[in-house]
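Student: Sequence first, predicted model second:
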Amino acid sequence: MSIRLKKSINLLVAVSLICSSLTSLSASVQAKKTSYKIKNHQLINAKTNKVVTKTTVYKNVLYQKGKVAKGKVLYKNILYVNGKVKSGIVSYKGKLYKKGKVISKGTIFTYKEKLYKGQKLYSGLHKYKGLWYNNGNLAHGPIKTANGSKYYFFGKLEKIAVTDTKYIHQNGNETDVYIFFNFYAYETKISPKDIQLSGGTLKNASISTYYEADNSTEVICLTIEDLKPDTEYTVSFPKVSFFNVPFNMGSSTFKTTNALVLNNPDIQQFNDIYNQYKNLDYPQYTELDKGQKLALEKDAQKMQDLFDKIDHYTIETPYLKENNITDIKSYTKQCKQYLSRMELLYYQLTFFDGR
């Protein structure tokens with residue numbers, strides 16, 4: 001036999017052995033894959049037809065004692081929840097897992113509205129996917145930064161500044177000016193020393209409620225004396241305390257007008273309406289017909305409108321002298337009592353009318 005022929009025979013034998021080995025391995029793997037089956041919701045050994053008692057993963061499902069594992073189970077460093085690997089983040093024994101594996105140290109992610117870096121909350125102020133977080137929580141409220149104080153509202157950076165100024169109420173030498181901001185005024189600590197005014201004398205600064213139509217807004221109300229008519233003024237807020245953090249909230253301007261006066265006919269109409277109903281009381285309610293009740297409702301609203309003018313504007317001097325009114329505040333208080341009596345009358349009438 002030649003050497004070349006002998007080598008060829010040996011090569012064929014070797015190839016045959018390898019193919020035989022691969023076929024055997026494939027059969028072994030296939031046997032392993034098909035060595036289990038599910039019967040009556042239990043994992044069964046296909047060969048012995050017995051329940052598989054050891055912890056086993058079959059078709060990506062974890063089984064314990066033949067049944068789908070309940071709860072959270074860590075098996076071969078993979079976390080299963082009720083037998084399956086969850087794609088989302090799962091907490092287990094103080095650690096966080098994603099897709100069954102423990103989250104690595106450098107990974108930044110959110111879980112239950114908190115920002116994490118690895119297994120710990122992200123320290124300090126950090127922006128992630130458009131939202132700001134402070135020590136892992138959504139940034140909210142004033143926060144001191146290297147670039148000064150900033151205000152955050154549920155993760156979004158807000159600029160605290162004046163948005164509007166309304167010259168509202170003049171009573172004698174006193175004027176009320178309402179300052180609107182893009183934040184909740186009642187969360188602010190404010191005093192006259194925190195405010196700069198280009199003219200006049202600032203007597204008081206407080207948080208008040210501004211009513212417009214059916215809406216109300218919390219605002220900063222300034223009480224200022226010695227303002228000139230038809231004059232523009234600037235008010236500045238260099239260091240207002242918001243959640244005990246100082247902010248420079250900018251400035252705004254307002255202009256006084258020439259004639260904020262209440263005409264005599266307005267006051268007279270207010271009193272005439274009140275005098276028309278002041279003696280009306282139960283049981284006269286039942287004597288009013290539908291038209292009279294409707295008129296009372298309209299007159300009550302008219303009194304409210306007139307009172308708003310009485311309360312917000314200066315009453316001209318001739319009327320005060322003619323009626324011996326020397327204290328405007330007391331007179332306004334009296335008008336308010338008239339209005340309250342009228343409103344009570346209307347509410348009582350509505351109550352009895354609905355019985």
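Tutor: Nice, thanks for sending it over.
Student: what's the following helix or strand after the host helix or strand of Cys221?
Tutor: Element membership of Cys221, judged by DSSP states H and E, is strand 215-225. Scanning forward in sequence from strand 215-225, with DSSP H and E defining helices and strands, the next element found is strand 232-236.
Student: Listing partners with orientation, what would you give for that following strand?
Tutor: Partner strands and pairing direction for strand 232-236 (DSSP bridges) are strand 196-197 (antiparallel), strand 251-255 (antiparallel).
Student: Residues contacting whatever helix or strand comes next after the first one, please?
Tutor: Beyond strand 196-197 on the C-terminal side, the first helix or strand identified by DSSP H and E is strand 201-212. When contacts are taken as CB atoms under 8 Å, 6 or more residues apart in numbering, the neighbours of strand 201-212 outside the stretch itself are 166, 168, 174, 178, 180, 185-186, 188, 190-192, 194-195, 216-226. Heads up, the C-betas are built off the backbone N, CA and C, glycines and all.
Student: Flag whichever of the strands paired with strand 232-236 has the least confidence on average.
Tutor: Of all the strands paired with strand 232-236, the minimum mean pLDDT falls on strand 251-255 (a mean of 84).
Student: re earlier: which stretch among the strands paired with strand 232-236 comes nearest Leu96?
Tutor: Ranking these by proximity to Leu96 (CB to CB) places strand 251-255 first, at 48.2 Å.
Student: Strand 215-225 and that closest one, what's the angle between them?
Tutor: Between the direction of strand 251-255 and that of strand 215-225, the angle (axes from the mean of the first three to the mean of the last three CA atoms, to 10 degrees) works out to 80 degrees.
Student: Relative to the whole chain's centre, how far out is strand 251-255?
Tutor: 29 Å (CA atoms, centre = their mean, to the nearest Å).
Student: Show me what it is in contact with.
Tutor: Applying CB under 8 Å, 6+ apart, the set of residues contacting strand 251-255 is 162, 164-167, 177, 179, 196, 230-237.
Student: Go again with 6 Å.
Tutor: When contacts are defined by CB atoms under 6 Å, 6 or more residues apart in numbering, strand 251-255 is touched by residues 162, 165, 167, 177, 232-236.
Student: so what's Gln42 closest to, chain neighbours aside?
Tutor: Gly66 (4.3 Å; CB to CB, 6 or more residues apart in numbering).
Student: ranges for the helices of the stretch 51-200 of the chain?
Tutor: Remark: no helices are assigned in the stretch 51-200 of the chain by DSSP state H, counting those that start in this stretch.
Student: what sits against the residue most central in space within the chain?
Tutor: Centre of the chain computed as the mean C-alpha position; nearest residue by CA atoms, centre = their mean is Phe154, 6.6 Å away. Phe154 sits next to 138, 140 when contact means CB under 6 Å, 6+ apart.
Student: Distance check, it against Asn137.
Tutor: Phe154 sits 10 Å away from Asn137, going by CB to CB, to the nearest Å.
Student: And for Lys290?
Tutor: Summarising the geometry, the distance separating Lys290 from Asn137, computed by CB to CB, is 60 Å.
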